[in-house]
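>>> Make a model of this:
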Amino acid sequence: MAFTQTEKQFREAAQRHLADAYRLLGDAAARCSCEACSKHRVGAVYLAGYAVECALKAHAIRRRGKTLWEEVVVEEEGKGRRGVRLRGAAGHSLPDLLTVAGLDVTVSPSMHDRWKLLAAAWSVELRYAAGARSRQQVRAVVVAAADVHDWVLRQPT
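This next block holds a predicted model:
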């Protein structure tokens, strides 16, 4: 499968998904009395993490002077065993994408804490997850993801 997304497309998707995550936490969900609403909050966590995934991919494209994500994937594959796997589910691993983007969240203790919260709460499998999440838990993850997202996109190449 070829990856034809550009840095611009990843940036736009990252911003759109983060906005979607905040919308899922909006007043309508807070006022809704149906039992299912708390189960919908898992979508906010998924979208917030997905926004960070897109931001990391955008940074990796820019940092490596590429145009498409596929070029980054091929470059990593060319490294053989030293490269990071980026196809299939492996291409959604936030820690691996952080490595490919050449970023280090440990440079800031507060950013590292936000990263740990996000990394513990997010996985690509959330696309299929069910189950209740408290509004407070979800808000903490979404805010952490927003901070990580913004930090990633501010990093120099």
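>>> list the buried ones in the longest helix seen in the chain?
Looking across the chain with DSSP state H, the single longest helix is helix 37-63. Under the neighbour-count criterion of 16 or more other CB atoms under 10 Å, helix 37-63 has 37-38, 40-63 buried. In this view, the C-beta of every residue, glycine as well, is placed from N, C-alpha and C.
>>> just stretch 122-134 next, same as before
Quick answer for stretch 122-134 (16+ other CB under 10 Å): Trp122, Ser123, Val124, Leu126, Arg133.
>>> go on, stretch 145-155?
Buried, per 16+ other CB under 10 Å, within stretch 145-155: Ala145, Ala146, Asp147, Val148, His149, Trp151, Val152, Leu153.
>>> again with stretch 97-117
For stretch 97-117, burial by neighbour count (16+ other CB under 10 Å) applies to Leu97, Leu98, Val100, Ala101, Leu103, Val105, Met111, Arg114, Trp115, Leu117.
>>> residues in contact with the nearest residue to the third one once chain neighbours are set aside?
Going back to what we said before, that points to Val100. Using CB to CB, 6 or more residues apart in numbering and skipping residues adjacent in sequence, the residue nearest Val100 is Ala60, 4.8 Å away. With contacts defined as CB atoms under 8 Å, 6 or more residues apart in numbering, the neighbours of Ala60 are Lys66, Trp69, Val72, Leu97, Val100, Ala101, Gly102.
>>> so what's Ala60 scoring on pLDDT?
pLDDT recorded at Ala60 is 98.
>>> Now do the end-to-end distance for stretch 104-115.
Chord length of stretch 104-115, first to last residue, is 10 Å (CA to CA, to the nearest Å).
>>> Identify all contacting residues around that stretch.
Outside stretch 104-115, the residues touching it (CB under 8 Å, 6+ apart) are Leu98, Ala144, Ala145, Asp147, Val148, Trp151.
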